[in-house]
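Engineer: Everything below, folded, please.
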Amino acid sequence: MNKITKDTTLAEIMVEESAKGVLAKHKVPCLTCPMAQFEIQNLTIGDVCKIYGIDLEKLLADLNA
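Structural biologist: Predicted coordinates:
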């Protein structure tokens, strides 16, 4: 996978199995949200972090590690 940025969509991130664990570690609620399944193609990780107050820089560092 290419480097994940704030503009990467959740759909792109969810392709990687290991990314799901990182998202769960950072308490990204979209993994279990039924509505997110409808928006996953357009939801960027930057938007999710902004909405839920998640530290974007830490999450990106973990996802790209």
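
Engineer: Next secondary structure after the worst-scoring helix or strand of the chain on mean pLDDT?
Structural biologist: Within the chain, confidence by mean pLDDT, DSSP states H and E is lowest for helix 36-39 among all helices and strands, at a mean of 77. On the C-terminal side of helix 36-39, the closest following helix or strand by DSSP states H and E is helix 45-52.

Engineer: now what about the next helix or strand after that following helix, what contacts it?
Structural biologist: Scanning forward in sequence from helix 45-52 by DSSP H and E, the next helix or strand is helix 56-64. Residues outside helix 56-64 that contact it (CB atoms under 8 Å, 6 or more residues apart in numbering): 3-6, 13, 19, 22-23, 25-26, 28, 45-46, 49-50. C-beta coordinates here come from the backbone N, C-alpha and C atoms, glycine included.

Engineer: 6 Å - rerun?
Structural biologist: With contacts defined as CB atoms under 6 Å, 6 or more residues apart in numbering, helix 56-64 is touched by Lys3, Ile4, Ala19, Val22, His26, Cys49.

Engineer: Flag every buried residue along that helix.
Structural biologist: Applying a neighbour-count criterion of 16 or more other CB atoms under 10 Å, the buried positions in helix 56-64 are Leu56, Leu59, Leu60, Asp62, Leu63.

Engineer: quick revisit: of all the residues in the least confident helix or strand of the chain, which ones are buried?
Structural biologist: Those would be Ala36, for helix 36-39 by 16+ other CB under 10 Å.

Engineer: same question, stretch 18-35
Structural biologist: Result for stretch 18-35 [16+ other CB under 10 Å]: buried residues Ala19, Val22, Leu23, His26, Val28, Cys30.

Engineer: per-residue pLDDT, the residue nearest the centre of the chain?
Structural biologist: By CA atoms, centre = their mean, the chain has its centre lying nearest to Ile45, at 4.4 Å. Per-residue confidence (pLDDT) for Ile45: 94.

Engineer: No further queries at this time; thank you.
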